[in-house]
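Engineer: Please find the sequence and the predicted model below.
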Amino acid sequence: MASSLNTRSPRLLFILNNDYGELGLAMYFLQGRGLADSTTLLLPPRLFAKNRNTLPGQACEYASIEDIVRTVDETEPDIVFLFSGYILPLHQIISLEAMASLMQFLSGKRCKVVTSDPFFGIFSRMNPDDVSATESLRLFDAEILKDQSWAYRLSTTFGNIRILRQFTAASDLIKDTIHLYYTRTDPHDESIAVSTDNIAFFNPSLVRAEDESGNAGSDAEQEHKQWLFILGSVDYELQTSYYGEPKFIDILANKMQEVLQAGRRPVLLAPDECVQKLRSRVPIPARKGLLTFCAYEAFSSLLLEAEYVFYWNLASYSTFLRVINGLPMFMFDEGHLARHVKPMHERMVRWYYQNWTPPSLNQHKKLDVDVLADLAGDYRRDTARIVANLEALPSPEEVIQNLYSR
């Protein structure tokens, strides 16, 4: 294989699940690099409908294991990226049995197989024999919501056991694959040597030139600045479970009004159900900023152009673009993963955020321009250290080269 690659570019195939975060990770690897011409992206219908003509490389739709096999036969990839092998069998497009067949098929094709790991090693290479109620209680929080009944907690515990079995089965199928991370798995380790089964990368093309960064500007310019709120569907369900839907819609409506009072333009990306309920509750100037989720290209533009971004999810992939560009963001809540998977908060702080925590806000308190500005100053100083720590990691091209030396 190595000799044939001397005369052509390596062919890459990305198989994505339904998560927008995994699409974002694929773009973190490909954006601005010279890899797109030899890349095929396989997207499920939900992602393909929004992104079919906007992504680097050739985007194709798949709805079954047969579609994937046919694409592999047609494109003959050298490396197949599963984004993510832990979650693909959970989204009901590929069953665990089909996933096992796929891994065997790719092995027969002599493809290098790489997986992303959205859980930063928590479920990595788990032993199926470890699945038990005790292990489930160690890993998952059955009391994520307040005022639960005993029956609720018991039901949640059994549900967590089922989830753990699914993750363990998926982990066992991909235990011999290379795990790809976009941050240092141990920020204290100064070595950039790649371990046997983990690769970390950094794409310098994701960092914008300084003249692209938004500065304070005049009052007139400030009126056109946006404050962006990003609320995923699972976290919307979580917040409405905490407070009840009417109260949480009140919180969102107040935030839109506060942004207008600050002389900024509010933009909310949220599930359609949330947007529809909120539309009649906000002033007319805020209604055009109520959006449902969009193509990655449009989303990343909103993300990078906003003065501030507000999240309800510490584990959102998209925070990475804000961090490495020193663009301030704030957390209203840790979100479903950090609250439900017990080790997740520690992994996010240590691995993803490189021993740092984004500033948090009380969503019941009014947004204050001066307070946010002070927090933003500290934020830029802290994130500069993170970028310096990541810049020593291999580039996407170096990762590809490394894979062929294995």
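Structural biologist: Great, that's in hand. Numbering: from 1, shown residues only.
Engineer: tell me the SS of the residue nearest to Val349 when sequence neighbours are not counted?
Structural biologist: Nearest residue to Val349, sequence neighbours excluded (C-beta to C-beta, 6 or more residues apart in numbering): Thr357, at 5.5 Å. Every C-beta, even on glycine, is put in place using the N, C-alpha and C of the backbone. Put simply, Thr357 is coil when judged by DSSP: H, G, I helix; E, B strand; the rest coil.
Engineer: Give me the phi and psi for Thr357.
Structural biologist: The phi/psi pair for Thr357 (degrees, to the nearest 10) reads phi -130, psi 130.
Engineer: With Leu180 instead?
Structural biologist: Given degrees, to the nearest 10, the pair of backbone angles that Leu180 has is phi -110, psi 130.
Engineer: From Leu16, how far off is it?
Structural biologist: Leu180 is 13 Å from Leu16, where distance means C-beta to C-beta, to the nearest Å.
Engineer: Settle it for me: which of these two has more neighbours?
Structural biologist: Leu16 (27 against 22; other C-beta atoms under 10 Å).
Engineer: So what's the gap between the helix or strand encompassing Ser101 and the chain middle?
Structural biologist: Following DSSP states H and E, one finds Ser101 within helix 96-108. Distance, stretch centre to chain centre, for helix 96-108: 25 Å (C-alpha atoms, centre = their mean, to the nearest Å).
Engineer: What about Ser149, how many residues nearby?
Structural biologist: 8.
Engineer: where do the strands sit along the stretch 151-300 of the chain?
Structural biologist: Under the criterion DSSP state E, counting those that start in this stretch, the stretch 151-300 of the chain carries strands at the ranges 178-181, 198-200, 226-230, 265-269, 290-291.
Engineer: Which of those strands comes out lowest on mean pLDDT?
Structural biologist: With a mean of 90, strand 198-200 has the lowest mean pLDDT of those.
Engineer: and it, which strands flank it?
Structural biologist: Strand 198-200 pairs in its sheet with strand 178-181 (parallel), by DSSP bridges.
Engineer: Out of the strands of the stretch 151-300 of the chain, which is closest to Leu375?
Structural biologist: Of all these, strand 226-230 sits nearest to Leu375, with 13.3 Å by C-beta to C-beta.
Engineer: and the closest residue to Ile174 other than its chain neighbours, what does it touch?
Structural biologist: Spatially, and ignoring its direct neighbours in sequence, Ile174 is nearest to Gly85 (4.0 Å; C-beta to C-beta, 6+ apart). For Gly85, the contacting residues are Met99, Thr115, Ser116, Ala170, Leu173, Ile174, Thr177, by C-beta atoms under 8 Å, 6 or more residues apart in numbering.
Engineer: which of these count as buried?
Structural biologist: Applying 16 or more other C-beta atoms under 10 Å to the contacts of Gly85, the neighbour count classes Met99, Thr115, Ser116, Ala170, Leu173, Ile174, Thr177 as buried.
Engineer: so what's the second one scoring on pLDDT?
Structural biologist: According to the predicted model, the pLDDT of Thr115 comes to 96.
Engineer: now the fifth one
Structural biologist: In the predicted model, Leu173 carries a pLDDT score of 93.
Engineer: Assess the claim that it and Ala100 are in contact.
Structural biologist: Yes. Counting by C-beta atoms under 8 Å, Leu173 touches Ala100, with 5.7 Å between them.
Engineer: residues near Gly244, how many?
Structural biologist: Neighbours of Gly244 using other C-beta under 10 Å come to 11.
Engineer: Next, give phi and psi for it.
Structural biologist: According to degrees, to the nearest 10, Gly244 has phi 90, psi 150.
Engineer: which residues touch the closest residue to Ser84 other than its chain neighbours?
Structural biologist: Nearest residue to Ser84, sequence neighbours excluded (C-beta to C-beta, 6+ apart): Ser116, at 4.3 Å. Counting by C-beta under 8 Å, 6+ apart, Ser116 makes contact with Glu22, Leu25, Phe81, Leu82, Phe83, Ser84, Gly85, His179, Leu180, Tyr181.
Engineer: For the fourth one, pull up the helix or strand it's in.
Structural biologist: Leu82 belongs to strand 79-83 when assigned by DSSP H and E.
Engineer: Show me the shaky parts of the protein.
Structural biologist: 1-8, 186-196, 210-223 (pLDDT under 70).
Engineer: Now do the domain split for it, please.
Structural biologist: Per automatic domain parsing, the structural domains of the chain span 2-125+175-202+392-404, 128-165, 207-390.
Engineer: So what's the gap between the last one and the chain middle?
Structural biologist: Think domain 207-390. Distance, centroid of domain 207-390 to centroid of chain: 14 Å (C-alpha atoms, centre = their mean).
Engineer: now do the same end-to-end measure for that domain.
Structural biologist: One end of domain 207-390 sits 12 Å from the other (C-alpha to C-alpha, to the nearest Å).
Engineer: What of the second one?
Structural biologist: The first residue of domain 128-165 is 7 Å away from its last residue (C-alpha to C-alpha).
Engineer: And that domain, what's buried?
Structural biologist: Per 16+ other C-beta under 10 Å, domain 128-165 contains these buried residues: Val131, Glu135, Ser136, Leu139, Phe140, Ala142, Thr156, Asn160, Ile161, Ile163, Leu164.
Engineer: which of those residues lies closest to Asn313?
Structural biologist: Using C-beta to C-beta, those come closest to Asn313 at Phe140, 17.3 Å.
Engineer: so Ala338 sits right up against Met344, yeah?
Structural biologist: Yes. If you go by C-beta under 8 Å, Ala338 and Met344 touch, sitting 4.8 Å apart.
Engineer: which of the two has more neighbours?
Structural biologist: More crowded of Ala338 and Met344, by other C-beta under 10 Å: Met344, with 25 against 21.
Engineer: which residues does the more buried one contact?
Structural biologist: Met344 touches Phe119, Phe120, Ile122, Ala315, Leu337, Ala338, counting by C-beta under 8 Å, 6+ apart.
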